[in-house]
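Asker: Generate coordinates for the sequence data below:
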Amino acid sequence: MKRVYIETYGCQMNVADTEVVLGVLKAHDYEQTESPEDADTILVNTCAVRDNAEQRVIGRVGELQRYKRPGNVLGVIGCMAQRLGPRLLAAVKQVDVVLGPDAYRNLPNLLENAARGERAIDTGFRSWEHYEDVVALRERGPTAFVTVQRGCDYRCTFCIVPMTRGPERSQKLEDIVTKIEDLAREGTTEITLLGQTVNAYHDGVHDFADLLRAVGAVDGIRRVRFTSPYPNNFTERAVAAMAETPAVCDHVHLPVQSGSNAVLRRMLRRYTREQYLAVMDRLRLAIPGITFSTDIIVGFPGETESQFGETLTLVEDAGFDDAYTFKYSPREATPAVRLQGQVPEAVATERLARLIATVRSQTRRRNVGRLGSLHEVLVERPAKRGDQMLGRTRSNLMVLLELPSSSVGTYHQVRLTGTTGSTFVGRIESPSLAVI
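Answerer: Next comes the predicted model:
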């Protein structure tokens, strides 16, 4: 058996892609190892959304070089590999293979050639590729990511994804359902559907509403989540499917990026502040108690102090339960790098600090108001600190519980008794059926 070590950076789709890569390699007599020292092949699955993510990966690739021995292979795969292509081979002499997200089927062949000293690259887009027949290699557990849609046809001026993931395409519904049925038989009870614009899903026959209903009907699947949707794509059919499918969870991660209409226009987002808030209102009306998280960028080219202030007021008007906040990161070949009015780094840093303080204050205030409420919690994993376990409610609240490690995969009715501001402490009121 050949041994492969892989590190994964970036979004949930990269995590799912790593599982696909391991599945492809397993079919060619590779086994996964947990240490680069024990590996014949070292792979880094990369992100290209922000510059600091790329710099981190480049630094890590430099560190991993020291584990190479004659005949061993060091490869960079994923979005950063797709973006840089041959420049990566030229810049890092120890890298043997550069492979984009659509080329994972070709990886065993390229690794074999690289072991003989033939450096290789494959960054071709394949509009038909969904890896639907690949048996992904994942750790057995109560939750799983399933990619249902790849690529993006939107052209947000700040975003590199269309250049690294290619055009939008959706996997056939029946193939998705088959995969999820297999996961359910292995004990998975919660599925997260992944796509760059997941609620734009359409396989030519079935739309996102059909997908939610079909996945929610799979025997053994108790929860269905999805990420990341685009605000404009919440059709009446999709909202109805969310409200009428019991397995669909009461949480939506809904990226807004800015609260200023002027900035949204420069970003080429296809909605206004008012339209975005109207989508939230429709979802709240259909699904009482739904929670929202979002993505927000500060320091986008041309952003004035007044326009940044509109983002701060949006946080409160929207009533977000959490937000992932970032400074604008220039991405080569995206239209935003040519926009006038680039915001100085110091100004963007100061705005980000104010935004984080606003989000944290609101999150804490909303979470304190939830103390005493009762929720169904799925135990996911041990907490990073102490001997507690970490679970998640249907509305995406994280809860610490006094339970043994054997409780992973079990459901409990939990009373929220305390909060750090972002995470809760819970008391078990009554356990539900253990499912794995």
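
Asker: Now do the domain split for this structure, please.
Answerer: What automatic domain parsing lists as the domains of the chain is 2-122, 143-368, 374-434.

Asker: Indicate which one of the ones you listed is closest to Trp128.
Answerer: In terms of C-beta to C-beta, the element of these nearest to Trp128 is domain 143-368, at 7.7 Å. Every residue, glycine included, has its C-beta placed from N, CA and C.

Asker: what about that closest one, how long is it end to end?
Answerer: End-to-end distance for domain 143-368: 28 Å, by C-alpha to C-alpha, to the nearest Å.

Asker: which residues touch the residue nearest to Leu390 when sequence neighbours are not counted?
Answerer: Distances taken as C-beta to C-beta, 6 or more residues apart in numbering place Ala383 nearest to Leu390, at 4.6 Å, with adjacent residues excluded. Neighbour list for Ala383: Met389, Leu390, Leu400 [criterion: C-beta atoms under 8 Å, 6 or more residues apart in numbering].

Asker: Output the below-cut-off pLDDT ranges for the chain.
Answerer: By pLDDT under 70, the low-scoring segments of the chain are 431-436.

Asker: State the phi and psi torsions of Thr227.
Answerer: Backbone geometry at Thr227, expressed as degrees, to the nearest 10, gives phi -160, psi 150.

Asker: didn't it look like it was pressed against His253?
Answerer: Yes: between Thr227 and His253 there is a contact under C-beta atoms under 8 Å: 5.0 Å.

Asker: rewinding a little: what would the domains of the chain look like in a markdown table with distance to Asp133?
Answerer: What follows is the domains of the chain, written out as a markdown table (distance: least, C-beta to C-beta, whole Å):
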| stretch | distance to Asp133 |
| --- | --- |
| domain 2-122 | 10 |
| domain 143-368 | 8 |
| domain 374-434 | 28 |
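
Asker: Out of these, flag the one nearest Glu132.
Answerer: Glu132 lies closest, by C-beta to C-beta, to one member of the domains of the chain: domain 143-368, at 4.3 Å.

Asker: quick revisit: which one, of the domains of the chain, ends up nearest to Val135?
Answerer: Nearest to Val135 among the domains of the chain is domain 2-122 (5.0 Å), distances taken as C-beta to C-beta.

Asker: Apart from its neighbours in sequence, what residue is nearest Asp38?
Answerer: Nearest non-adjacent residue to Asp38, counting by C-beta to C-beta, 6+ apart: Arg3, 5.8 Å away.

Asker: Report whether the one you found is found in a helix, as I expect.
Answerer: No: going by DSSP: H, G, I helix; E, B strand; the rest coil, the assignment for Arg3 is strand, not a helix.

Asker: Can you list phi and psi of Ser361 for me?
Answerer: phi -60, psi -40.

Asker: Number of residues surrounding it?
Answerer: 13 (other C-beta atoms under 10 Å).

Asker: Show the buried residues in the contacts of Ala383.
Answerer: The neighbour-count test (16 or more other C-beta atoms under 10 Å) applied to the contacts of Ala383 identifies Met389, Leu390, Leu400 as buried.

Asker: The stretch 51-200 of the chain: helices as residue ranges?
Answerer: 51-64, 79-84, 86-91, 107-115, 161-165, 173-185 (DSSP state H, counting those that start in this stretch).
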